[in-house]
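# build me a structure from this.
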Amino acid sequence: MRRVHVFDHPLILHKVTILRDRRTGHKEFRELVEELAMLMAYEATRTHPVRQLEVETPLAVAKGYTIAGQELALVPILRAGLAMEAGISRLIPTAHVGHVGIFRDPATLQPHRYYAKLPQDIAERTALVLDPMLATGGSTVACVDILKAAGCRSIKVMAIISAPEGIQRVHDAHPDVEIFTAAVDDYLNDHGYIVPGLGDAGDRLYGTR
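Here you go, the predicted model:
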């Protein structure tokens, strides 16, 4: 699929399988989401530019590298995206963090924004939109709309599990946005849940129903 990167790293595949299991409790579920987000960010930033520099070791001067190009901003979609942000922030502690609150109407499946707070320099950063599930795509599209309205032009989406319908909706609205995911599942059911999926990610993260 165009501009979609599906990870096949053994550790990612292993952890996604445990994440799907209905017997996995919310503590382990949350830890797995954080670990998966960290692993996915590691892969998603593989092509980020670097520049060479020299560093003095206890013995001699060594050639090394430092991150170059645009700095990162993490933008979790509340509430489920928070667990992904926690994992990536441990990997990239210098990233700035914004938050976007969007809920999906259970009857119409349409997204409704209720909160948005972005870094002041978001226009100069590459934004990683974080949500464990890319289902209908409505919330993701709404989040990207908010980022672009704030001047951000370098945007990537990270979702642990995606539905073909959600991927299509994002690319219909924003064909320039890359999507990074650990799995593309079969379809959405009548309630907008990904099948086979893993259920409601927010409820499984926080022990709610």
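
# hey, which strand is longest across this protein?
The strand spanning the most residues in the chain, taking DSSP state E as the definition, is strand 154-162.

# now the helices: where do they sit in this structure?
Here the chain has its helices, by DSSP state H, at 10-20, 26-44, 81-91, 138-149, 164-173, 201-206.

# in a markdown table: those helices, plus mean neighbour count, distance to Leu59 and mean pLDDT.
For every residue, glycine as well, the C-beta is placed using N, CA and C. Below are those laid out as a markdown table (neighbours: other Cβ atoms under 10 Å; distance: least, Cβ to Cβ, whole Å; pLDDT from 0 to 100):
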| stretch | mean neighbour count | distance to Leu59 | mean pLDDT |
| --- | --- | --- | --- |
| helix 10-20 | 15 | 34 | 97 |
| helix 26-44 | 20 | 29 | 95 |
| helix 81-91 | 21 | 29 | 95 |
| helix 138-149 | 22 | 46 | 96 |
| helix 164-173 | 18 | 50 | 96 |
| helix 201-206 | 20 | 47 | 92 |
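
# turn the ones you listed into JSON lines, columns for distance to Glu71.
What follows is those, written out as JSON lines (distance: least, Cβ to Cβ, whole Å):
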{"stretch": "helix 10-20", "distance to Glu71": "25"}
{"stretch": "helix 26-44", "distance to Glu71": "14"}
{"stretch": "helix 81-91", "distance to Glu71": "14"}
{"stretch": "helix 138-149", "distance to Glu71": "15"}
{"stretch": "helix 164-173", "distance to Glu71": "24"}
{"stretch": "helix 201-206", "distance to Glu71": "28"}
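
# looking at the ones you listed, which is closest to Asn189?
Nearest of the helices of the chain to Asn189, taken as Cβ to Cβ: helix 164-173 at 10.8 Å.

# fine, thanks again, bye for now.
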